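K.L.:
Got a predicted structure here, sequence first:
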Amino acid sequence: MEDRKFLEALFTAAVKAADPLTGIRRHLPQPPKNGRTIVIGAGKGAAQMAAALESLWSGPLSGLVVTRYGYGCQTKDIEIIEASHPVPDAAGLTAAKRLVETISGLSEDDLVIALVCGGGSALLPAPPEGLTLENEIALNEVLLASGAPISAMNVVRKHLSTIKGGRLAAATKARVVSHIVSDIPGDNPAFVASGPTIPDGTTRHDALAIVEQYGLDLPKAMIAHLQSPAADAPRPDDPIFSRHEYHVIASAAVSLEAAAQVARAHGITPHILSDSVEGEARDVALVHAAIAREVALRGRPFAKPAVLLSGGETTVTLRSKGGKGGRNGEFALALALAVDGHEITALAADTDGIDGSETNAGAFVDGTTARRLRATGLDGRKLLDGNDSFSGFSAIGDLFTTGPTGTNVNDFRAILVG
């Protein structure tokens, strides 16, 4: 099989393993005896999760979920609302209010099924009193440019919200069962979409420490809110959560194992480096490149042929304005520069099908990528310094485009050596 087709087959297997239908079926709750079943949710794969639930549920249900523009799908009884990602908008603000209204009047006899996946943080803007949507937009822009890991971003977000940090689940007397598709390194369910239905033990003081650590330039009103008790989120031991439960139905770990199985079937030995890689995308690429070169040149620590697999969520610190591309493109471009001339082929892509704000999932690279960029008059180093990987890969036809996949377990990286 041609190298790129092989890597694409691994990506396809990883995405298929994250199909929400399988996980929801495994953890389907019993319908309530006397009450209603209401569905809520948010994330880039929330509409597909809703459709999967409807196909499995035998009784009546209703509700609504929020997804990114263009990520909706056909459902029967669950309403799909589309809003903006990665920068929040007024549609998301309205959707967040409607989610709270949908469950706030329910009784202890009712059941709420929450469908939560990556992207929910931006899709559910819900600023506290005294703050505005514009403040939340500014917060997201600052966080996305900061280079902070997603777990740190979400600690700040959940203490500047009336819906995150378990607050959505705390708004109802009904039992809440959450189905989580994890895009978070380590699979902490309280960090997925900033945990609208799952509380955690972080505090507003933790949020303030992160603001200081990463030098986040937040509006004064936000800092004042974080300094006040009003920012305190519900604690995990709050009795209101005593009847609630959650299930992580898909994760990077499961997806990487599925990709590894396909590799073995093709006679290539897979090596899963980690399912929870974090850090600056270009730095992570240099580490991956060093391992790949060692395999290519010396046959250690793994014999050739081999495919190196990893997942998690890297970050990008913006160094200039106007560049196009996401963290997987940034990883791929840095990798291409570091493996120039070597017999190495790689794919870096986001499992939700969209890398950053462009139309591609990621990009392919090999030992000729840097040379081919130079042949078109482009300098890979300048593109990297300008956070402009999309333009480079577009120019040489190496973008990897899938469209929305309906799930999201974050980064997928596969590096074929030999």
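P.N.:
Noted; the coordinates are in hand.

K.L.:
after the longest helix anywhere in the chain, next one along is what?
P.N.:
If you go by DSSP state H, the chain has its longest helix at helix 281-298. Scanning forward in sequence from helix 281-298 by DSSP states H and E, the next helix or strand is strand 306-312.

K.L.:
list the buried ones in the longest strand along the chain?
P.N.:
Taking DSSP state E as the criterion, the chain has its longest strand at strand 269-277. Across strand 269-277, burial judged by 16 or more other Cβ atoms under 10 Å covers 270-273, 275-277. Heads up, the C-betas are built off the backbone N, CA and C, glycines and all.

K.L.:
Please state the offset of stretch 316-330 from the chain centre?
P.N.:
Offset of stretch 316-330 from its chain centre (Cα atoms, centre = their mean, to the nearest Å): 17 Å.

K.L.:
and that stretch, what's its mean pLDDT?
P.N.:
The pLDDT scores in stretch 316-330 average 86.

K.L.:
Would you work out how far apart the start and end of it are?
P.N.:
Using Cα to Cα, to the nearest Å, one end of stretch 316-330 lies 8 Å from the other.

K.L.:
Can you tell me what sits against it?
P.N.:
Residues from elsewhere that reach stretch 316-330, judged by Cβ atoms under 8 Å, 6 or more residues apart in numbering: 144-147, 280-282, 285, 313-315, 333, 348-350, 354-358, 360-363, 383-391, 393, 411, 413.

K.L.:
repeat that with 7 Å
P.N.:
Contacts of stretch 316-330 from elsewhere in the structure, counted by Cβ atoms under 7 Å, 6 or more residues apart in numbering, are 145-147, 280-282, 314-315, 348-350, 355-356, 358, 362-363, 385-391, 393, 411.

K.L.:
Name whatever forms a beta bridge with the closest residue to residue 252 other than its chain neighbours.
P.N.:
Spatial nearest neighbour of residue 252, excluding adjacent residues (Cβ to Cβ, 6 or more residues apart in numbering): residue 311 at 3.4 Å. With DSSP bridges as the criterion, residue 311 is bridged to residue 412.

K.L.:
What is the burial count for residue 311?
P.N.:
Neighbour count of residue 311, defined by other Cβ atoms under 10 Å: 26.

K.L.:
Could you pull out the helices in the stretch 1-150 of the chain for me?
P.N.:
Per DSSP state H, counting those that start in this stretch, the stretch 1-150 of the chain carries helices over the ranges 3-17, 20-26, 46-56, 90-104, 120-123, 133-146, 150-158.

K.L.:
how about the ones you listed in TSV, adding mean neighbour count?
P.N.:
Conversion of those to TSV gives the following (neighbours: other Cβ atoms under 10 Å):
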stretch	mean neighbour count
helix 3-17	20
helix 20-26	18
helix 46-56	24
helix 90-104	18
helix 120-123	30
helix 133-146	19
helix 150-158	25
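
K.L.:
is it possible to export the ones you listed to JSON lines including mean pLDDT and distance to residue 305?
P.N.:
Shown next, in JSON lines, are the helices of the stretch 1-150 of the chain (pLDDT from 0 to 100; distance: least, Cβ to Cβ, whole Å):
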{"stretch": "helix 3-17", "mean pLDDT": "97", "distance to residue 305": "10"}
{"stretch": "helix 20-26", "mean pLDDT": "92", "distance to residue 305": "30"}
{"stretch": "helix 46-56", "mean pLDDT": "96", "distance to residue 305": "35"}
{"stretch": "helix 90-104", "mean pLDDT": "98", "distance to residue 305": "46"}
{"stretch": "helix 120-123", "mean pLDDT": "94", "distance to residue 305": "39"}
{"stretch": "helix 133-146", "mean pLDDT": "90", "distance to residue 305": "37"}
{"stretch": "helix 150-158", "mean pLDDT": "90", "distance to residue 305": "33"}
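
K.L.:
any idea how the protein splits into domains?
P.N.:
Annotated domains of the chain cover 19-250, 252-417 [automatic domain parsing].

K.L.:
Excluding chain neighbours, give the residue nearest to residue 203 in space.
P.N.:
Spatial nearest neighbour of residue 203, excluding adjacent residues (Cβ to Cβ, 6+ apart): residue 232 at 7.1 Å.

K.L.:
thinking again about what came up before, what's next to the longest helix of the chain, contact-wise?
P.N.:
By Cβ under 7 Å, 6+ apart, helix 281-298 touches 277, 300, 302, 304, 306, 308, 310, 314-316, 327, 330-331, 334-335, 338-339, 342-344, 384, 413, 415, 417-418.

K.L.:
give the contact list for residue 40.
P.N.:
63-65, 99, 102-103, 112, 114.

K.L.:
if you set the cut-off to 10 Å instead, what comes out?
P.N.:
46, 50, 63-66, 78, 98-100, 102-103, 112-116, 168-169, 172, 176, 178, 196-197 (Cβ atoms under 10 Å, 6 or more residues apart in numbering).

K.L.:
how much space between it and residue 175?
P.N.:
Here residue 40 is placed at a distance of 13 Å from residue 175 (Cβ to Cβ, to the nearest Å).

K.L.:
Quick check: neighbours shared by the two?
P.N.:
112-113, 169.

K.L.:
on that earlier part again, turn the domains of the chain into JSON lines, columns for distance to residue 10.
P.N.:
Below are the domains of the chain laid out as JSON lines (distance: least, Cβ to Cβ, whole Å):
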{"stretch": "domain 19-250", "distance to residue 10": "16"}
{"stretch": "domain 252-417", "distance to residue 10": "4"}
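
K.L.:
Tell me which of those domains lies nearest to residue 12.
P.N.:
Of all the domains of the chain, it is domain 252-417 that lies closest to residue 12, at 8.2 Å by Cβ to Cβ.

K.L.:
Can you classify residue 402 as helix, strand or coil?
P.N.:
With DSSP: H, G, I helix; E, B strand; the rest coil as the basis, residue 402 sits in coil.

K.L.:
doesn't residue 15 make contact with it?
P.N.:
Yes. Assessed by Cβ atoms under 10 Å, residue 402 is found in contact with residue 15 at 8.1 Å.

K.L.:
Between these two, which contacts overlap?
P.N.:
349, 351-353, 361.

K.L.:
Which residues are in contact with residue 271?
P.N.:
Contacts of residue 271 by Cβ under 10 Å, 6+ apart are 260, 263, 291, 295, 301-302, 306-310, 415, 417.

K.L.:
One more pass at 7 Å, please.
P.N.:
Counted by Cβ under 7 Å, 6+ apart, residue 271 has contacts 302, 306, 308-309.
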